[in-house]
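Colleague: Have a look at this fold, sequence not included:
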Ligand SMILES: Cc1cc2nc3c(=O)[nH]c(=O)nc-3n(C[C@H](O)[C@H](O)[C@H](O)COP(=O)(O)OP(=O)(O)OC[C@H]3O[C@@H](n4cnc5c(N)ncnc54)[C@H](O)[C@@H]3O)c2cc1C
């Protein structure tokens, strides 16, 4: 029997899950994920009876490869097209509105965004609540550690987290540092609001320009949502970058003020609210192959930061890396 190539994937976000699903049978893959769930920035949480998506809000599918997986997920009721009323605000003024429909579908997981990553993670070998803190290469073998405990020995390692976190794990002199250190991820704050009663905002989703917030969604109006009515608001990347270290209570107060400024939502309608900080939320568009591969060194990096800050980009990055590694394996 031929020994399989042992690959450690660090991170069970969309890129890590895609990479692991796509790698051929010649590889044995172990995923290490510091959280207790898959999905990374695609995540949901039940707060005060409301199931809130507080990372990625929806996604589109432009490439045939992603469309193929989207069709499969749709047929299995993992996702659904969100046919909401969409408004664009310029500061407080409505500058355009339309209904999202089947012509350019905007997909969401059902009953929440986490459904997407849970479906992708099914049948993969994932060690949750395991943070890779450092790694060393000895005699062409990677040794991964969480503190003093060795997690395992591997022929190759794939890092799938945002660039700053990947740099923390890479050997100091590695050539990837020069590429990754130039990618500047932008921050975001997500305000999670649970309502006392179902209030009509006049839209399901809104993009806001020229304000400190960029996005408002009536989260509970997405398909197959049960539970308490809820709203999710995102700060602009610029405001979040500038206020990254502010007290979260102040951030919450400011974002509630912005929400009121645009929608007039009365404080009495709010049952509870809180804020989640995303330090590495969004990645600018980047040309290139969508991954970094050091074949001789047995190490690779993939993730949205090497393409664009979108679910589809994270998928593309993981998929392209898996295809390249599989092809090299099959032709050598
Ligand atoms: C607020 C917000 C809103 C967004 N809105 C949208 C949207 O509407 N539509 C859209 O398409 N995209 C959106 N995005 C972007 C989208 O979520 C990302 O592009 C995508 O999820 C990135 O996936 P990834 O696998 O590249 O990275 P990640 O999701 O960041 O996955 C990396 C994983 O690595 C794990 N990890 C990190 N370090 C370690 C370690 N040392 N050991 C073990 N595990 C580790 C993390 O826990 C995480 O699970 C949004 C993102 C945010 C934050």
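Modeller: Ah, there it is. In this text the structure is predicted, and so the values were computed from the model without any measurement. Numbering: from 1, shown residues only.
Colleague: Walk me through the domains of the chain.
Modeller: The record, using automatic domain parsing to delimit domains, assigns the chain the ranges 5-34+130-182+285-331, 44-114+186-282.
Colleague: State the mean pLDDT of the longest one.
Modeller: Taken as a whole, domain 44-114+186-282 has a mean pLDDT of 97.
Colleague: The first one now?
Modeller: Per-residue pLDDT values over domain 5-34+130-182+285-331 give a mean of 96.
Colleague: can you list the domains of the chain in CSV and add distance to residue 120 and mean neighbour count?
Modeller: Just so you know, the C-beta spots here come from the backbone N, C-alpha and C atoms, and that holds for glycine as well. As requested, the domains of the chain are exported to CSV (distance: least, C-beta to C-beta, whole Å; neighbours: other C-beta atoms under 10 Å):
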stretch, distance to residue 120, mean neighbour count
domain 5-34+130-182+285-331, 4, 19
domain 44-114+186-282, 8, 18
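Colleague: Can you check which of those domains gets nearest to the ligand?
Modeller: Ranking the domains of the chain by proximity to the ligand (C-beta to the nearest ligand atom) places domain 5-34+130-182+285-331 first, at 2.1 Å.
Colleague: Not counting sequence-adjacent ones, nearest residue to the spatially most central residue of the chain?
Modeller: Centroid-nearest residue in the chain, with C-alpha atoms, centre = their mean: residue 41, separated by 2.9 Å. Leaving aside its sequence neighbours, residue 41 sits nearest to residue 55 (C-beta to C-beta, 6 or more residues apart in numbering; 4.2 Å).
Colleague: The residue nearest to the centre of the chain and the ligand, how far apart?
Modeller: Using C-beta to the nearest ligand atom, to the nearest Å, residue 41 is found at 3 Å from the ligand.
Colleague: The residue nearest to residue 41 should be in a helix, yeah?
Modeller: No - read with DSSP: H, G, I helix; E, B strand; the rest coil, residue 55 is coil and lies in no helix.
Colleague: Tell me which residues touch it, please.
Modeller: 39-43, 113, 190, 278 (C-beta atoms under 8 Å, 6 or more residues apart in numbering).
Colleague: quick one: strands adjacent to the lengthiest strand in the chain?
Modeller: Assignment by DSSP state E gives strand 270-282 as the longest strand of the chain. Paired strands of strand 270-282, with direction, are strand 186-195 (antiparallel) (DSSP bridges).
Colleague: Wondering if the partner strand reaches the ligand at all.
Modeller: Yes - applying C-beta under 6 Å from any ligand atom, one finds strand 186-195 in contact with the ligand at 188, 190.
Colleague: Okay, and the beta partners of residue 138?
Modeller: residue 141.
Colleague: Got the phi and psi for the residue nearest to the centre of the chain?
Modeller: When read as degrees, to the nearest 10, the backbone of residue 41 gives phi -80, psi 0.
Colleague: Residue 281 is in contact with that one, correct?
Modeller: Yes - counting by C-beta atoms under 8 Å, residue 41 does reach residue 281; the two are 7.0 Å apart.
Colleague: Quick check: pLDDT value at residue 1.
Modeller: The model's pLDDT for residue 1 equals 53.
Colleague: tell me the contacts of residue 177?
Modeller: 167, 170.
Colleague: no no, residue 238
Modeller: So residue 238 contacts residue 186 (C-beta under 8 Å, 6+ apart).
Colleague: how about 10 Å then?
Modeller: 186-187, 212, 214 (C-beta atoms under 10 Å, 6 or more residues apart in numbering).
Colleague: quick revisit: what about the domains of the chain, which gets the closest to residue 124?
Modeller: domain 5-34+130-182+285-331 (5.3 Å; C-beta to C-beta).
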